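A.B. asks: can't give you the sequence, but here's the structure:
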């Protein structure tokens, strides 16, 4: 088996000191396998930090090109690798040549771990290909031919022993930590590439290319490193998606896709294109997307669309364009031709764009004729009730939409049940309105007044937020004569439902700062019935505020009704499918949860590692076939034997659970196996204060 040398060009670049830089495109595997080359990680380099998520993406990229025939997309570019020739090394033609790795350590180390996993499978897995020639090819990448006890890559001395033990398959020593990022990522590759796939992944590895930049003696390595890593503003998610969609197409195909699909998407979404892609993917997958990692939306897109040949691309892009047309209507509900639906969309926008994934799906179904106008209006009313009531009682409205999208998969009745479970009850809402401030006051008062368009109406505070000393509520006592307790009680109710009214702008200007007896004459001229009724009130006191609050609250509860089901969640519980993924093991990970609700059982489980262990052990007893099915499809975490170093739990004589994943991968596995067994909807986590702040 041969490795292609994909050199495209080589250039000598003069520097200010008359030294040179050699840059040429090479096949990465060929570059690693050069018999003379030793790759040395300098002392100043940071520790190896790639996590399983990075390994998963690398393996996906390799698989994507592994099966392509010559003449198709023949390579995958992994960037540039910057190295410097070690002074005095490799002077003789046959002498080893040391390259000091300045930039690229993380990628090269990860590739070595993947090749090591393939090599050990070929050598030791009884179900493996048993291909001696392939084993030799893999070994050429890994092992120093001059010293078979050493690897071609020489890491920092502080962790070289662990790396070489993993790559060469050596035994652990008393000083060996036993678990490391090297072990974790090697174990990931070992588990994810079955023996039957080794040859295919090796073919994909040989399609990797990079630009090898080699600095000659005297070149300013730090200056060049900073230049390579200071390329300006990084690409945003939607720009990465754009590149991913078009890259690999011919110029004519790119032009066709750009004109037919991408430009219409940009016109429909405008400055909100990044939000469109995030909301579309949440709607499509029913999963929350982590936007804090920097590339969460792009990673979710690639996971959903791993391969886009031209035929697939046309079909998918037509769907993207159709959803972007809906998104345009959501951004500007005036574009919706049905006045009732348009009003509902505008009202829903009061609460921001967090529910756009769900509303997009509703609107698309309406346009496609798969749901009725009345059903969409009813669902949007329930959605507004959910958002308003949670805002009133002080509950968050974030991280709700994915679970509602999943519920919608089961139909409108299932969506109503899901909404009901997380909508605060009448009693709780009534108490919060009695003692708290009213959120979204213009929206609430406008809908109570039947005003479809609140333009030209202001929110009026009957008791001003900052009353003058001369202000009076009854025409007798002035504000300055109220006791401190009376003033504080009045101020506490100033933003409550009972103290607020809608008033036409010209009238609001006249009423500003007036005492209540003078305001009554202004209120009497208002076209808003609730405001006009204030003219009939004799005086304004905290008792009057409470009475008006109670009366208006009854109307609020009628207009923003909770769906008529008896179910309601504990307010702090998060469905397991919406639990937040963490990279690695962040500070506080071992106290992330207060507890876990598993099918009605209360588990004292505080971290994802214990949750992972307990869920798999429980399902091994209750739903073994589902666990086996999930593990076989995903390449773990159940194995027939502990095939490599790491932490294992025995599930039986012939099955073992591997616990060497990071927290992100463990949570993914918990979610996946619970979905496989049909139990995900019955499992919730209660985040601790620390977990909520992580």
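C.D. replies: Received it, and whenever you're ready, just let me know what you need. Just so you know, these numbers come straight off a predicted model, no measurement behind them.
A.B. asks: residue contacts, residue 547?
C.D. replies: The neighbours of residue 547, taking Cβ atoms under 8 Å, 6 or more residues apart in numbering as the test, are residue 498. Yep, even glycine has a C-beta here, placed from its N, CA and C like the rest.
A.B. asks: Numbering from 567 from now on, please.
C.D. replies: All set: I'll call the first residue 567, so the last point we hit is now residue 1113.
A.B. asks: What strand or helix carries it?
C.D. replies: In this assignment (DSSP states H and E), residue 1113 forms part of helix 1108-1125.
A.B. asks: For the stretch 817-966 of the chain, which segments count as helices?
C.D. replies: In the stretch 817-966 of the chain, the segments counted as helices under DSSP state H, counting those that start in this stretch are 817-823, 829-835, 839-851, 862-870, 876-897, 905-914, 922-934, 939-959.
A.B. asks: buried residues in the last one?
C.D. replies: Read it as helix 939-959. 942-943, 945-959 (16 or more other Cβ atoms under 10 Å).
A.B. asks: list the helices and strands that helix packs on?
C.D. replies: Contacts defined by 3 or more Cβ pairs under 8 Å, 6 or more residues apart in numbering; DSSP states H and E place helix 939-959 against helix 905-914, helix 922-934, helix 978-987, helix 992-1001.
A.B. asks: Counting by contacts, list what the helix or strand following that helix packs against.
C.D. replies: Later in the chain than helix 939-959, the nearest helix or strand by DSSP H and E is helix 967-974. Applying 3+ Cβ pairs under 8 Å, 6+ apart, one finds that helix 967-974 contacts helix 839-851, helix 922-934, helix 978-987.
A.B. asks: Which one of the helices of the stretch 817-966 of the chain lies nearest to residue 1226?
C.D. replies: helix 862-870 (22.5 Å; Cβ to Cβ).
A.B. asks: between that closest one and helix 839-851, how many degrees?
C.D. replies: Angle between the axes of helix 862-870 and helix 839-851 is 40 degrees (criterion: axes from the mean of the first three to the mean of the last three Cα atoms, to 10 degrees).
A.B. asks: Could you list the residues in contact with helix 862-870?
C.D. replies: So helix 862-870 is contacted by 623, 626, 803-804, 806-807, 810, 840, 843-844, 847, 850-851, 853, 855-857, 859 (Cβ under 8 Å, 6+ apart).
A.B. asks: before we move on, back to that, so how far is the helix holding residue 1113 from its chain's centroid?
C.D. replies: 41 Å (Cα atoms, centre = their mean, to the nearest Å).
A.B. asks: likewise stretch 916-925?
C.D. replies: Worked out by Cα atoms, centre = their mean, stretch 916-925 lies 17 Å from the chain centre.
A.B. asks: Give me the buried stretch members for that stretch, please.
C.D. replies: Residues of stretch 916-925 classed as buried by neighbour count (16+ other Cβ under 10 Å): 916, 917, 919, 920, 921, 922, 923, 924, 925.
A.B. asks: End to end on it, go ahead and measure it.
C.D. replies: End-to-end distance for stretch 916-925: 13 Å, by Cα to Cα, to the nearest Å.
A.B. asks: Can you give me the neighbour number for the spatially closest residue to residue 1000 that is not a sequence neighbour?
C.D. replies: Among residues not flanking residue 1000 along the chain, residue 1115 sits closest, at 5.9 Å (Cβ to Cβ, 6 or more residues apart in numbering). Residue 1115 has 22 neighbouring residues, counting by other Cβ atoms under 10 Å.
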